[in-house]
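Engineer: Make a model of this:
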Amino acid sequence: MVLNHYFRLLMGALGLTLWTLTASAQTPNPAPIVLQASTLTGERFDVGALKGKVVMLFYWSTDCAVCRSHLPELRANLAGWKGKPFELVTVNVDKDMAGWRAYEKILAQTHSVRPTAVWQGDIMRTKLPVTVVLDVQGREVAHHEGRIAPEAWDDVAALLP
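Structural biologist: Numbering: from 1, shown residues only. This is a model prediction of the structure:
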């Protein structure tokens, strides 16, 4: 019984340590974010057009298993905030746009709740995924590298009316 208690404490401490290592937050950038990307149809995407909404940018790659594993969580939260001034933008950073388009085509056939999906190309020089939360003015209020931190969702919820 006592051994079981210590084992659970050890596992909890190990889990907290691993979570801390995988969910690193950075200091947000107070300037409005500029995002130059393309939509699935090849049109130019301007994040500035989303002013007035809380925006979560999720930078990911189809080669990143951790990134792909978070897509259901993103869709679930997007569905939960339907009717709120919230926009989820998945920003793909694959080197090849064709691979991203093929992946998005499959997702479109199987999921009705879809975020705004854009492609920015191979620009990330950091650990993926990266989650950035923007306020209604387009300013970065949170920046998380690695797994989506629960605080990222708290940041969004705190900004929504």
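Engineer: which outside residues touch stretch 112-126?
Structural biologist: By C-beta atoms under 8 Å, 6 or more residues apart in numbering, the surrounding residues in contact with stretch 112-126 are 35-40, 45, 58-59, 61, 74-76, 78-79, 87-95, 97, 100-101, 104, 107-108, 130, 145. All C-beta spots, glycine's among them, are computed from the backbone N, C-alpha and C.
Engineer: 7 Å - rerun?
Structural biologist: 37-40, 45, 59, 74-75, 78-79, 87-93, 95, 97, 100, 104, 108, 130, 145 (C-beta atoms under 7 Å, 6 or more residues apart in numbering).
Engineer: Now it: buried residues?
Structural biologist: P115, T116, A117, V118, W119, Q120, G121, M124 (16 or more other C-beta atoms under 10 Å).
Engineer: ok, so of those residues, who is nearest V66?
Structural biologist: Ranked by distance to V66 (C-beta to C-beta), those are led by M124 at 13.3 Å.
Engineer: Give me the distance between M56 and G42.
Structural biologist: Taking C-beta to C-beta, to the nearest Å as the measure, M56 falls 24 Å from G42.
Engineer: If you could redo that for D63, that was the one I meant.
Structural biologist: Look at D63 and G42: by C-beta to C-beta, they are 22 Å apart.
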